[in-house]
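Engineer: Fold the following for me, if possible:
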Amino acid sequence: MIDRDADKRLAANAAVREIRDDMLVGLGTGSTTAHAIAALAERRLRIETVATSEASARLARSLGLTVRDFGGVERVDIAIDGADAIDASLRAVKGAGGAMLREKVVAASADRMIVIADGSKRVDRLGPTKLPVEILPFARGFVAGRLSRLFTDWRERADYRTDNGNIVIDGHGWDDTAPDMLAATLMAIPGVVAHGLFLTEIDAAYIADDGIVTRLERGRNPR
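Structural biologist: Residues are numbered from 1 along each chain as shown. As a prediction, this is how the structure comes out:
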């Protein structure tokens, strides 16, 4: 049986080898990124970090990493994060951990954005993966009505708030033939503040499957 957690650790360790002294590193959110945070701490590099969630910030600080307030940051050297699904074109769905808004901001600020994942996250199509949408609570009813036109089914996460104080609706059964159009349609709905489609942000991915790590680069062959 494949040890998915061991694969997550392998992918994280491979990605962390790109980090050098004096870098500002963006830390994503989730179980795979937790391995990257631990690996960074073990390397004892002279770096600073920013975190996409309070949970990642707490973990990083507990392991001795310096965490800066992203509010004063203009750019990040490199960001490392997980994904719920990623295809061969390095398009991904993220947000199972509810941090997709902050993850997207940090990814946009990064000179290089790396996704780390185990082999189960590599997919031919993104559509079967639930798509998280972060919504202002004030606009819940209005946005839910609009989302019903885009998803065959949607479910609000019960008793849940993001670090930004917003709610998350997970959309199921969406059309993945034109993800750019769906992304634009979602962001055109007043009250939607973020969605989990990461279509152009990712520069590289380290994917470990049954102990073997593959690196994918945007526009290049796997190594």
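
Engineer: Could you break the chain into its assigned domains?
Structural biologist: If you go by automatic domain parsing, the domain ranges for the chain are 4-124+199-217, 131-194.

Engineer: out of those, deepest packed?
Structural biologist: Ranked by mean neighbour count under mean count of other CB atoms under 10 Å, the domains of the chain are led by domain 4-124+199-217, which reaches a mean of 20. (Each C-beta comes from the backbone N, C-alpha and C, glycine too.)

Engineer: picking that back up, could you export the domains of the chain as TSV, including mean pLDDT?
Structural biologist: Output for the domains of the chain, formatted as TSV (pLDDT from 0 to 100):
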stretch	mean pLDDT
domain 4-124+199-217	97
domain 131-194	97
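
Engineer: Which parts of this protein are strands?
Structural biologist: Taking DSSP state E, the strands of the chain run over residues 24-27, 48-51, 76-81, 85-86, 92-93, 110-118, 131-135, 153-156, 167-172, 192-195, 197-198, 204-209, 212-217.

Engineer: which one of the ones you listed lies closest to Ala183?
Structural biologist: Closest of the strands of the chain to Ala183 is strand 197-198, at 4.7 Å (criterion: CB to CB).

Engineer: Given that closest one, what are its sheet partners and their directions?
Structural biologist: Strands that pair with strand 197-198, judged by DSSP bridges, come out as strand 92-93 (antiparallel).

Engineer: and for the partner strand, what are the contacting residues?
Structural biologist: 83-86, 115, 126, 129-132, 196-198, 202 (CB atoms under 8 Å, 6 or more residues apart in numbering).

Engineer: and if you look at stretch 38-55?
Structural biologist: With CB under 8 Å, 6+ apart as the test, stretch 38-55 has contacts from 9, 12-13, 16, 19-29, 57, 60, 63-70, 73, 76, 81, 97-99, 102-103, 106, 163.

Engineer: Dump it to PDB, restricted to CA.
Structural biologist: C-alpha atoms of stretch 38-55 as PDB (Å, rounded to 0.1, in the frame of the first residue of the first chain):
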ATOM      1  CA  ALA A  38       9.300  21.200   9.300                       C
ATOM      2  CA  ALA A  39      11.900  20.600   6.600                       C
ATOM      3  CA  LEU A  40      12.700  24.300   6.500                       C
ATOM      4  CA  ALA A  41      13.200  24.400  10.200                       C
ATOM      5  CA  GLU A  42      15.600  21.500  10.100                       C
ATOM      6  CA  ARG A  43      17.800  23.200   7.500                       C
ATOM      7  CA  ARG A  44      18.400  26.100   9.800                       C
ATOM      8  CA  LEU A  45      18.700  28.600   7.000                       C
ATOM      9  CA  ARG A  46      19.000  32.300   7.400                       C
ATOM     10  CA  ILE A  47      15.500  33.100   6.100                       C
ATOM     11  CA  GLU A  48      12.300  34.900   6.900                       C
ATOM     12  CA  THR A  49       8.800  33.600   6.100                       C
ATOM     13  CA  VAL A  50       5.200  34.800   5.700                       C
ATOM     14  CA  ALA A  51       2.300  32.500   6.300                       C
ATOM     15  CA  THR A  52      -1.000  32.100   4.500                       C
ATOM     16  CA  SER A  53      -2.900  31.000   7.700                       C
ATOM     17  CA  GLU A  54      -2.700  31.400  11.400                       C
ATOM     18  CA  ALA A  55      -2.100  27.700  11.700                       C
END
